[in-house]
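Undergrad: Take this sequence and fold it.
(3 chains)
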Amino acid sequence: MAETGAHGSTAAGAAGVGLSKGDTGRGAATGSSVIAGGGTATADAVLSVEGLSAAYGPVKALDGVTLRAEQGRITAVLGANGAGKTTLLRTISGLVRPTAGRVVLDGEDVTRAPVEAMVTKGMAHVPEGRGVIAELTVDENLRVGSLFRGKVAQDEFDRVYDLFPRIAERRGQTAHTLSGGERQMLVIGRALLARPRLLLLDEPSLGLAPRIVAQIFALLRKLVDSEGLSVLLVEQNARSALSVADTGVVLNLGRVVVTDDAARLAGDEDLRHAYLGF
Amino acid sequence: MSDLQTPASSPTAGAATSDAPSTATAASNASSAQAAGGRTFLPRNTLLRHLLVLVLCAVGAVVLLETTDLGFNAQVGYVAFYAIAAGGLTVLTGLNGQISLGHGALMAVGAYTTALLLDAEEPLPLVVVFLAAVALTSLVGAIVGVAAARLHGPYLAGATLALAVGLPGLALYYRSFLGGEQGLTVSSPDRPEWFTDVIRSLSGGSPSGVKWIAYISVACLLITYFLLANLMRSRVGRTWRAVRDQEVAAELAGIDLGRWRVLAFVVSAAAAGLAGAVLALVVRLTAPTGFTIVLSLSLLTAIVIGGLGSLLGALIGAALLVFLPRVLRDAGESLDMDAAQAAEISYVVYGVILVLVMLFAPAGLVGSIRLAWMKQRARRAAGGTTR
Amino acid sequence: MREFINLTLGGVITGAVYAAFALALVLIWRSTRIVNFAQGAMGALTTFIALSLIESGQSYWVGLVVALLAGLVLGAVIERLVIRPVEGGPELNAVIVTLGLFIAIQALISVLFGVNQRAFVAPFSTIGFTVGDSNLALSPNTLFTLGAVLLVMAGLVALFRFTRVGLAMRASAFGQEVARLLGVRVGRMLTLGWALAAVVGSLAGMLIAAEVTFVAPTFMDSLIVFGFVAAVLGGLDSPIGAVVGGLLLGLALSYVRGYFSDTLTGMAALVILVVVLLVRPGGLFSTTQTRRA
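TA: Numbering: from 1, shown residues only, chains lettered A, B, ... in the order given. Here you go, the predicted model:
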């Protein structure tokens, strides 16, 4: 598949997310360059959102939101219920059509790009409520995630299973038998199979035990640090999110209230009380 | 009849003004949404208003029947039974949100009852025959309605489709009683002396059997629409709308959804039964081929074209069912088709209309016009306040 | 006893055709939550196209291939043009659209091919095999019917289980939004689903036409009802349920036909449908009662 090839070469290291160990061909080329991007504070924006507005009928859900997700960093979007967090992700990936503003992915304007095309451009969106397809088996769920790439070698699947041994045990079962934590692992693993440079995660902690949340966030941090993945994380659980994120963006009623270093946000008591609820 | 714009004060008034309609039942929302400021030359009291309209329509009908020839009189009979059935169906589908493809079969119940009763040695008075047809069909409707109350959308459509396909089979099975394929011929009721006298003194025209039946048909139509219009504007009609649009809220408010759905089906079936009775008189034959699924789909076409939930729409739709085929048949025959083939053209048109209306104007003819009118008014009102 | 055996054989064969037709309904229901009431009329149209080819001297097989291809195109075109705008909208609108297609296509057949019944010659002998001195309700043609249905079902199972397109179709059916986010072109999959369903519906038309030997434009009317009942028996969501439902319904109606009367099959189907919908709305094999009919 031509698009896969092109994707592989432009994706530079980030493509190999979690899978580049010993990956021959495409993966090997990625391995080293990834780390260069990771961790440095001066990274380029993978995603930049400029003045994005969206509405459901007469109700404005987003009102001129501007933010950046930087290469190799975790950007957390925080805010109360109804602040517009989920709408933000849905508008970025094209599920909701914006009424104004632009979405730029790696320098390319993707504001009007079809939803189906976003993943081929290097952006994977894990929707709220986990997004497993309950009627399919675990293995089939993973395979759907790589369908757009054409034929994918078995060891890529094996590597996802290595990352999440718990879902490996259940690969032949239908996904509706999975627990909440297992579902979250499955959808993150599935998103990784798309070899994204940018991962959009919507409320991964929702309904999960704190221990599982910690595990998943730790894994996310590892992927970002070692593979150069960039993450735009939407969370209501601000305390956990800020503990793992590099940058925090606080939304309120569809507007960006503040954008700052995650640690500084976590230390700002007034802000925490006003918008983050902890 | 209930479609005349009036300052009705229903609790849902104004609901439909906010947004363009996307559902097929939008038209009936609209009918309850004529907020204050409508035309005021009609009485405010619903019953009085409907009575006035009834009298006006009755006078209009007499003028129509007396100024046209017998051929047209006969056509009016056809319009009447389609309109009665469509009126009942539009209450069910438009107000209560339940679809039925079984109304053709329900009409068959009314028609066969009428045919059998009129065939007796000493036939009962026509009114009694009609009431019997209505009662029996209502009973069947109640049975269907109990099952239908628990179904929705495609399931209900499929179940009532099965009814439409299955029920005529009974006429074949009970061949000796119901006449099998050939069906039953319907004896024409005698026209009373007073009718002859009245028509003579009115226009001097010939008070033929056709005219008598045309008058009966129109009378049935007017009575049915008068009753349905009052029902739609009453607490019953509002509850049906609530059951359709606000299922959960209605249930929380203590409304027994099932019972109201069954009631809607019974009312609708009663209309179908009366329509069947009128059909028996007008067509003078009841046979399984007259009550195919195509009849049910034609009724659906009528109410969708006119706009679901609108009696005026149902009447217009019924008129189209009668007059459109004649125009199209002539067109088909001029294209060298045989008569049977040419007759089918109208059904192609019905189908295409159903699809197009759903795609482009789900509120139907009357509903779309009304919505456009309301939008314009809303715009004018909004302009007034900002200025 | 012999009558019972023949009724059973007959029931299995008509049941197989019901199953195929129910399968076509299920394919569409799964992916778009629409019951395609036009399925029967579409199958009738493609059968009439094939019939006019056969009458003009082409072989049955040319007719069959053309019917299936015509079904493919018809299904895809209908999905794209008139179904796409009502997908995901109010369910009543979609129901009315498919009913509009039903009435339009059925009338179109009459306009194009005339309203009269026409003979449809089966591809194989319809004379039953004899065992001893008794004649079985099993002929070379019924074997062909059974074989064709089995082949199609095996093909569909293989498509859905083992191919990437099949996986994409299932993903689109069960999780439309997720599938789109994962880069699956859901729109194409829905079109493909309708096209495949129309092919299966066309095949059912060709097979039933050979069984009944005479066809009129309305010859699929009862099949849409029986196919729907069979699909609901199986739960409307399950291809395997549709097959089992089709066979059960075929047997039940065959016994009604044999022991009571042909004229009561419609009522029998209605009774079965209503009982299933009221007692087990999720179908005979549902484990949960959560689905509301």
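Undergrad: Poorly predicted segments of chain B, please.
TA: Applying pLDDT under 70 to chain B flags residues B:1-43, B:204-206, B:382-387.
Undergrad: Which part of it gets nearest to chain C, residue-wise?
TA: Going by CB to the nearest CB, chain C is nearest to B:Gly351 of chain B, at 2.4 Å. (Each C-beta comes from the backbone N, C-alpha and C, glycine too.)
Undergrad: Now do the contacts for that residue.
TA: B:Thr301, C:Gly100, C:Leu101, C:Phe102, C:Ile103, C:Ala104, C:Ile105, C:Gln106, C:Ala107 (CB atoms under 8 Å, 6 or more residues apart in numbering or on different chains).
Undergrad: From B:Pro325, how far off is the last one?
TA: Right, C:Ala107. Going from C:Ala107 to B:Pro325 by CB to CB, to the nearest Å gives 11 Å.
Undergrad: okay, the two: which has more neighbours?
TA: Ranked by neighbour count (other CB atoms under 10 Å in any protein chain shown), C:Ala107 and B:Pro325 place C:Ala107 first, with 25 against 20.
Undergrad: So is the host helix or strand of that one next to chain B?
TA: Element membership for C:Ala107 (DSSP states H and E) is helix C:91-113. Yes - Helix C:91-113 is in contact with chain B by CB under 8 Å from any CB of the partner chain, via C:91-97, C:99-108, C:110-111.
Undergrad: The lengthiest helix in chain B: what's the following helix or strand?
TA: The single longest helix within chain B, with elements called by DSSP state H, is helix B:257-283. Counting by DSSP H and E, the element after helix B:257-283 in chain order, helix or strand, is strand B:285-286.
Undergrad: how about the residues of chain A near chain C?
TA: A:93, A:95, A:115-120, A:124-125, A:127, A:131-136, A:140, A:143-145, A:147-148, A:190, A:194.
Undergrad: now the contacts of B:Gly351 in TSV, with distance to B:Ala74?
TA: Formatted as TSV, these follow (distance: CB to CB, whole Å):
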residue	distance to B:Ala74
B:Thr301	22
C:Gly100	29
C:Leu101	32
C:Phe102	30
C:Ile103	25
C:Ala104	28
C:Ile105	31
C:Gln106	27
C:Ala107	24
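Undergrad: and the two most separated of these?
TA: The span of these, defined through CB to CB, is set by B:Thr301 and C:Ile105 at 14.5 Å.
Undergrad: Between the two, tell me which one has more neighbours.
TA: Ranked by neighbour count (other CB under 10 Å), B:Thr301 and C:Ile105 place B:Thr301 first, with 28 against 23.
Undergrad: ok, back up a step: are there helices or strands packed against the longest helix of chain B, and which ones?
TA: helix B:70-90, helix B:103-118, helix B:126-148, helix B:209-233, helix B:235-245, helix B:247-252 (3 or more CB pairs under 8 Å, 6 or more residues apart in numbering or on different chains; DSSP states H and E).
Undergrad: So which of the ones you listed is the most surrounded?
TA: Across those, averaging neighbours per residue (mean count of other CB atoms under 10 Å in any protein chain shown) puts helix B:103-118 on top, at a mean of 28.
Undergrad: Briefly note if that one comes near chain C.
TA: No - residues of helix B:103-118 contacting chain C under CB under 8 Å from any CB: none, with a closest distance of 9.8 Å.
Undergrad: relative to helix B:257-283, how tilted is that helix?
TA: Angle of helix B:103-118 versus helix B:257-283, following axes from the mean of the first three to the mean of the last three CA atoms, to 10 degrees, is 60 degrees.
Undergrad: Return the distance of helix B:103-118 from the chain's centre.
TA: Taking the mean of its C-alpha atoms, helix B:103-118 sits 16 Å from the chain's own mean (CA atoms, centre = their mean, to the nearest Å).
Undergrad: again, but for stretch C:41-53
TA: With CA atoms, centre = their mean, you get 14 Å for stretch C:41-53.
Undergrad: List the contacts of that stretch.
TA: By CB under 8 Å, 6+ apart, stretch C:41-53 touches C:21, C:36, C:62-64, C:66-68, C:70-71, C:74-75, C:78, C:101-103, C:105-106, C:108-109, C:112-113, C:118, C:120, C:198, C:201-202, C:204-206, C:209, C:215, C:217-220, C:223-224.
Undergrad: just stretch B:194-211 next, same as before
TA: The contact list for stretch B:194-211 (CB under 8 Å, 6+ apart) reads B:Val62, B:Leu65, B:Glu66, B:Leu70, B:Asn73, B:Ala74, B:Gly77, B:Ser188, B:Arg191, B:Trp212, B:Tyr215.
Undergrad: possible to save the residues you listed as CSV with distance to B:Gly290?
TA: CSV is the format used below for these (distance: CB to CB, whole Å):
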residue, distance to B:Gly290
B:Val62, 29
B:Leu65, 24
B:Glu66, 29
B:Leu70, 22
B:Asn73, 21
B:Ala74, 16
B:Gly77, 14
B:Ser188, 17
B:Arg191, 24
B:Trp212, 22
B:Tyr215, 23
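Undergrad: how near is A:Arg170 to A:Ala214?
TA: Applying CB to CB to A:Arg170 and A:Ala214 gives a distance of 22 Å.
Undergrad: my read: A:Ser230 touches A:Arg73, true?
TA: Yes - checked against CB atoms under 8 Å, the pair A:Ser230 and A:Arg73 is within contact range at 6.2 Å.
Undergrad: ranges for the strands of the stretch 51-200 of chain A?
TA: Remark: strands assigned in the stretch 51-200 of chain A by DSSP state E, counting those that start in this stretch are A:59-70, A:74-78, A:100-105, A:108-109, A:123-126, A:198-202.
Undergrad: Please report the distance of the residue in chain A positioned nearest to chain C from A:Gly122.
TA: Evaluated by CB to the nearest CB, chain A has A:Phe148 as its residue closest to chain C, separated by 3.3 Å. For A:Phe148, the distance to A:Gly122 equals 12 Å [CB to CB].
Undergrad: now B:Val144
TA: Here B:Val144 is placed at a distance of 57 Å from A:Gly122 (CB to CB).
Undergrad: cool, and A:Ala175?
TA: Distance of A:Ala175 to A:Gly122, computed by CB to CB: 25 Å.
Undergrad: okay, and the helix or strand of chain A with the least pLDDT?
TA: Lowest by mean pLDDT, DSSP states H and E among the helices and strands of chain A is helix A:26-37, with a mean of 34.
Undergrad: so how many other residues sit close to C:Ala104?
TA: For C:Ala104, the number of neighbouring residues by other CB under 10 Å comes to 21.
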